[in-house]
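J.: Pasting a predicted model and its sequence here:
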Amino acid sequence: MADSKAAQGKLVALVFKHLDVVFSILRFIKPNVVFKGNALITRYEDVTEVLERDWVFQVPYAEKMDKVTNGSNFFLGMQDTEQYTRDVSNMRLTARREDISEIIKPFVDKTSMDIVAASNGKMDVVQELSRVVPTRLIGEYFGTPGWDETEFSEAATNMFQYLFYPDDPEVEKKALESAEKTRNYLDQAIAERKANRTSNDDVLERCLKLQDAGTPGMTDLDIRNNFIGLIIGAIPTTSKCVAVTLNHLFNHPELLVEAQQAARADDDEKLIQFVQESLRLNAFAAGIQRICAEDYVVAKGTLRATKIPKGTVVLAATQSAMMDWRKIRKPKEFRLDRPAYSYMHFGYGLHTCFGQYINLAQIPAIVKAVLKRNALRRVSDMKVVEPFPVSLEIEFDQ
Ligand code: HEM
């Protein structure tokens with residue numbers, strides 16, 4: 001029994017190690033697989049079909065969101081309801097697109113450059129930079145720096161793993177402790193701000209202004225739950241994307257040279273493409289999970305049409321879709337001229353990442369601060385404790 005479990009574990013590990021190969025075989029011979037209550041969707045066209053039909057393929061996160069928020073939900077855990085529209089709209093009013101160029105980009109540029117400059121030519125990108133910058137951005141821009149910078153970012157990471165990865169009692173225990181600490185901190189931060197209103201134009205202050213105006217969905221509890229969801233979405237994700245991008249460039253010295261030239265020329269558009277391609281070839285996650293709410297035929301009218309029974313747990317494999325030659329020209333090549341539709345790391349459809357435009361500013365800005373350095377070298381391979389990188393040591397001339 002123990003032997004068969006170990007063998008099964010090894011097989012799963014092998015599949016995950018070679019996921020790209022597995023996906024490419026499936027796209028060819030069996031693009032949509034249904035097996036024991038689970039379904040795997042691998043072609044670009046079918047992945048987008050699943051993610052577009054949000055009323056059929058529903059988000060599965062509400063139960064865990066309920067535990068993290070202690071009895072509520074957050075808009076990523078909601079179907080397309082009135083409350084979903086209300087909450088997203090409120091947060092879009094308070095975290096505005098124009099803030100990216102006016103507040104976020106200048107803050108991230110300066111914070112990243114300062115951290116790299118203070119590091120004496122040697123640093124662990126994950127521990128000292130890629131986790132720190134988004135955490136400080138939450139402090140500056142949202143107005144909630146956390147009770148302790150490292151613990152705050154670890155709490156977000158624990159909750160992320162609980163919400164978006166397979167069930168694991170140990171992960172759950174850690175995440176729920178983190179959730180309680182984060183809730184208590186945010187409750188206190190909101191109460192303190194209400195007792196002492198500032199002239200800071202941050203997201204918290206803007207939420208309280210909406211509350212003053214009697215806007216529905218802006219009670220203290222609503223604000224706290226929105227913040228929890230945004231903090232979870234913002235910190236570990238950004239950190240992983242930065243580390244993965246730099247690691248890909250270190251693995252390909254010819255790309256590193258070109259990216260460093262772009263960094264020194266402050267060619268931010270080109271750096272965005274370096275990030276996008278690095279993430280396409282080193283996917284943030286295998287895919288996006290949904291639950292099928294009614295019997296449904298994917299790719300209807302084609303030879304690969306597949307019935308997905310109600311209740312099936314579906315993985316829309318965005319990693320696979322981004323490598324599908326039917327939509328993505330020469331997908332194995334690293335190219336800087338791909339159209340935006342080639343990328344799905346920030347999701348697709350109704351629940352597309354709230355921070356997608358922040359990401360396209362923040363990730364390249366952090367990466368750029370490193371790439372600007374001379375004689376840049378990786379000291380040791382990126383270390384990952386699934387699902388997140390924990391270390392990427394580098395050196396450079398000061
Ligand atoms: C930096 C890398 C990031 C990645 C790779 C990423 C990825 C994703 C993905 C794949 C989804 C879709 C989930 C689904 O459909 O089930 C999503 C949604 C979301 N993300 Fe991000 N994200 C990132 C950064 C951020 C940031 C910085 C924020 C906050 C400022 C954020 C907040 C959210 C929220 C709130 C949603 C839910 C949107 C909705 O339900 O309408 N994310 N993200």
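T.: Cool, the structure landed. Numbering: from 1, shown residues only.

J.: what ranges do the helices span in the stretch 51-200 of the chain?
T.: 62-69, 82-94, 99, 105-117, 132-137, 149-164, 169-195 (DSSP state H, counting those that start in this stretch).

J.: just checking, what's the longest helix in the chain?
T.: For the chain, the helix with the greatest residue count under DSSP state H is helix 220-251.

J.: Name all residues that make contact with Glu177.
T.: Residues near Glu177 by CB atoms under 8 Å, 6 or more residues apart in numbering: Asn158. Heads up, the C-betas are built off the backbone N, CA and C, glycines and all.

J.: Just the pLDDT for it.
T.: Glu177 is assigned a pLDDT of 98 by the prediction.

J.: Kindly tell me how buried the closest residue to Tyr61 other than its chain neighbours is, as a neighbour count.
T.: Spatial nearest neighbour of Tyr61, excluding adjacent residues (CB to CB, 6 or more residues apart in numbering): Gly77 at 4.0 Å. Using other CB atoms under 10 Å, Gly77 has 21 other residues around it.

J.: ok, Gly77 - contacts?
T.: Shown in contact with Gly77 (CB under 8 Å, 6+ apart): Val59, Tyr61, Ala62, Lys64, Met65, Asp66.

J.: Considering only helices and strands, which part of this protein has the lowest mean pLDDT?
T.: Using mean pLDDT, DSSP states H and E, helix 2-17 stands out as the lowest-scoring helix or strand of the chain, at a mean of 68.

J.: now the helix or strand following that helix: mean pLDDT?
T.: Where DSSP states H and E defines the elements, the next helix or strand beyond helix 2-17 is helix 19-29. Across helix 19-29, pLDDT averages out at 97.

J.: same question, stretch 281-298
T.: Here the average pLDDT along stretch 281-298 is 97.

J.: Nearest to Tyr341, out of the helices of the stretch 51-200 of the chain?
T.: Nearest to Tyr341 among the helices of the stretch 51-200 of the chain is helix 82-94 (22.4 Å), distances taken as CB to CB.

J.: quick one, that closest one and helix 220-251 angle?
T.: Angle, helix 82-94 to helix 220-251, by axes from the mean of the first three to the mean of the last three CA atoms, to 10 degrees: 70 degrees.

J.: who's in contact with helix 82-94?
T.: Taking CB under 8 Å, 6+ apart as the rule, helix 82-94 contacts 73-75, 78, 203, 206-207, 210, 215-218, 222, 226, 230, 354.

J.: Pick out whichever of these sits closest to the ligand.
T.: Nearest to the ligand among the contacts of helix 82-94: Phe354, at 3.4 Å, using CB to the nearest ligand atom.

J.: so when I look at the closest one, I'm seeing a strand, right?
T.: No. Counting by DSSP: H, G, I helix; E, B strand; the rest coil, Phe354 is located in no strand; its state is coil.

J.: related to what we said a few turns ago, just the local confidence number for the residue nearest to Tyr61, please.
T.: 97.

J.: for the ligand, what are the nearby residues on the protein?
T.: The chain has residues 59, 75-76, 88, 229-230, 233-234, 237-238, 241, 284, 288, 345-347, 351, 353-355, 358-359, 363 near the ligand, with proximity defined as CB under 6 Å from any ligand atom.

J.: tally of neighbours for whichever residue of the stretch 51-200 of the chain sits closest to the ligand?
T.: As assessed by CB to the nearest ligand atom, the ligand sits closest to Leu76 within the stretch 51-200 of the chain, at 3.7 Å. The number of residues packed near Leu76 is 22, by other CB under 10 Å.

J.: Most neighbours among the contacts of Gly77, which one is it?
T.: Going by other CB under 10 Å, Met65 tops these with 23 neighbours.

J.: Name the nearest residue to it, sequence neighbours excluded.
T.: Excluding its sequence neighbours, the residue lying closest to Met65 (CB to CB, 6+ apart) is Gly77, at 3.6 Å.

J.: what does Gln362 give?
T.: Val108 (5.0 Å).

J.: related to what we said a few turns ago, give the buried residues for the longest helix of the chain.
T.: For helix 220-251, burial by neighbour count (16 or more other CB atoms under 10 Å) applies to 221-250.

J.: So for the protein, the centremost residue is which one?
T.: Averaging the C-alpha coordinates of the chain gives a centre point, and the residue nearest to it by CA atoms, centre = their mean is Thr237 (3.7 Å).

J.: if we can go back for a sec, now, of the contacts of helix 82-94, which are buried?
T.: By 16+ other CB under 10 Å, the contacts of helix 82-94 give 73-75, 78, 203, 206-207, 210, 215, 217-218, 222, 226, 230, 354 as buried.

J.: What residue in the stretch 151-300 of the chain comes nearest to the ligand?
T.: Gly233 (2.8 Å).

J.: And the closest residue to the ligand within the chain, what's its pLDDT?
T.: When distances are taken as CB to the nearest ligand atom, the chain reaches nearest to the ligand at Gly355, 2.4 Å away. Looking at Gly355, its pLDDT is 98.

J.: got a list of what it touches?
T.: The contact partners of Gly355, by CB under 8 Å, 6+ apart, come to Leu230, Gly233, Ala234, Thr237, Phe346.

J.: closest to Lys122 among those?
T.: Among those, and counting by CB to CB, the member closest to Lys122 is Thr237, at 26.0 Å.

J.: Point out where this structure drops to low pLDDT.
T.: The chain contains residues with pLDDT under 70 at 1-5, 7-9, 11-14.

J.: so what's Met123 bridging to?
T.: For Met123, the beta-bridge partners under DSSP bridges are Ile394.

J.: burial count for the residue nearest to Gln362?
T.: Neighbours around Val108, by other CB under 10 Å: 27.

J.: pretty sure it is touching Ala365, no?
T.: Yes. Applying CB atoms under 8 Å as the test, Val108 and Ala365 come out as touching, 4.4 Å apart.

J.: re the thing from before, what about the residue nearest to Gln362, distance to Phe74?
T.: 24 Å (CB to CB, to the nearest Å).

J.: Over to Gly146?
T.: As defined by CB to CB, Gly146 lies at a distance of 18 Å from Phe74.

J.: cool, Glu294 as well?
T.: 25 Å.
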